[in-house]
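All I have is the shape, not the residue letters:
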């Protein structure tokens, strides 16, 4: 939580309880979720890091891998096990103790723009996504629903005083500017 992560506001849900994190997630620019502000809970079990946390959106999200209760279905959050799953998920794609909150959040951002069609948690969203991506059909139901929810979440963010970045340069973290050093200071620092 001490490290900034582009596209996220992270804090403890309650200051005295380390296992529930309140997540505010900005929709990535140049995606259907651009302008969205999605709230979620990242909940760590007592067995963490040997058992995966859960990630649940508090806001409505229309996505093939987000169920109607807001839980995200993604390989990285599936418990470790041997063997390939029915959807073709390899053991190496599932949870392991080397994963961390950063890798989970980055995976979820990636999943928003690139759903896993093989293992949908929301079959309606998966069906409309497939019809949209099919060049013969190009049904616009999926992108229209996602954009409508993004617009509604942006309006909610504005009411909360949160400005959602919509340009890539505002979304991305800026590297700190290094002060200019003269030759004497460079020599001193290199010793």
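Looks like it arrived, so ask away. None of these values were measured; they are calculated from a predicted model.

if I look at residue 80, how far off is residue 57?
Distance, residue 80 to residue 57, using C-beta to C-beta, to the nearest Å: 24 Å. The C-beta positions use only the backbone N, C-alpha and C, and glycine is treated the same way.

Report all helices and strands that the longest strand seen in the chain contacts.
Determined from DSSP state E, the single longest strand within the chain is strand 17-26. Counting contacts by 3 or more C-beta pairs under 8 Å, 6 or more residues apart in numbering; DSSP states H and E, strand 17-26 packs against strand 8-14, strand 37-43, helix 101-113.

Residue 80 and residue 57 - which one has more neighbours?
residue 57 (20 against 13; other C-beta atoms under 10 Å).

The nearest residue to that one once chain neighbours are set aside and residue 59, how far apart?
Distances taken as C-beta to C-beta, 6 or more residues apart in numbering place residue 70 nearest to residue 57, at 3.8 Å, with adjacent residues excluded. According to C-beta to C-beta, residue 70 and residue 59 sit 7 Å apart.

between these two, what contacts are shared?
Taking C-beta atoms under 8 Å, 6 or more residues apart in numbering as the criterion, residue 70 and residue 59 both touch residue 40.

hang on, the earlier thing: so which of the helices and strands packed on strand 17-26 is the most surrounded?
strand 37-43 (a mean of 20; mean count of other C-beta atoms under 10 Å).

residue ranges with poor pLDDT in the protein?
Across the chain, the ranges flagged by pLDDT under 70 are 1-4, 83-91, 173-191.

if you set the cut-off to 90 instead, what comes out?
For the chain, the stretches flagged by pLDDT under 90 are 1-19, 75-76, 78-101, 116-119, 165-191.
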